[in-house]
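Engineer: sharing a sequence plus its predicted fold:
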Amino acid sequence: MDRDKRGVFEKSVCIMSNILIYISTGLLFVMLLLGIADVTGRYLFSRPITGTIEIFEVLMPGMVLLGLAYTQRMKAHVTVDLFISWLPSKPRSIIGFVTMLWALVMFGIMVWKGIELAFLYRQMGRVINNIDVPMYLPRLLVPLGALAICMVFLVDLMHYIREMRTNG
C-alpha cells in the first residue's frame, strides 16, 4: 500500500512496532554485555555477577515478546501456504482474514490473562530471588507484547477486508 494512503492507526502501529523492536534489540544487547561480563568475571576473576540467570529470565520474555509486532508487520513469521497458494485471491483473503481474526482473539486472551496475572503477582508482593525485582514488572511484558501484535493484527484485518472488497 502506498505510504501516503495509510491511515493514522496504521502509521501509529508502525511507529509503535519500530519502537518496540528497538527496545527488544536493546534488551538483547544488555543480555550480551551481561553474559560477557559474567563469563569474564567468573573465569578471569573468580567473581561471577550475582543474579545473572534471574536477570536473563526477566529480559528474555521482553526481548521475544516485544519483537512480535514488528515481525508480524514485516510478515517475517514462518508460514506454510502450500494448501492455499493455488486458491484464487478471494478465498485466500477470506482464509487470511479468518486466520488473523483467530490470532487476534488468542492474543487478546493473552493480554487479558497477562494483565490479570501481573496484578495478582503485584497483590501478592512476589519478588524475583537474588535481584529483588517485583515479579509483576516482567510479567507486564506479556500483555504489552500481545497488545502490540493485536494492533498489527487489526491492521492486517483491515487489509484483508480491502482485498476481499476489491476481489469480490
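Structural biologist: Structure received. Bear in mind that the values here come from a model prediction, so they are computed numbers and not experimental data.
Engineer: only the buried residues of stretch 91-103, if you could.
Structural biologist: The neighbour-count check on stretch 91-103 (16 or more other Cβ atoms under 10 Å) flags 92-94, 96-97, 100, 103 as buried. In this view, the C-beta of every residue, glycine as well, is placed from N, C-alpha and C.
Engineer: quick one: mean pLDDT for that stretch?
Structural biologist: For stretch 91-103, mean pLDDT rounds to 93.
Engineer: do stretch 8-23 as well
Structural biologist: For stretch 8-23, the mean pLDDT works out to 96.
Engineer: in the chain, where is pLDDT below threshold?
Structural biologist: Under the criterion pLDDT under 70, the flagged ranges of the chain are 1-5, 168.
Engineer: picking that back up, closest to Asp156 among the buried residues of stretch 91-103?
Structural biologist: Ranked by distance to Asp156 (Cβ to Cβ), these are led by Met100 at 4.8 Å.
Engineer: quick one: that closest one from Gly114, how far?
Structural biologist: 20 Å (Cβ to Cβ, to the nearest Å).
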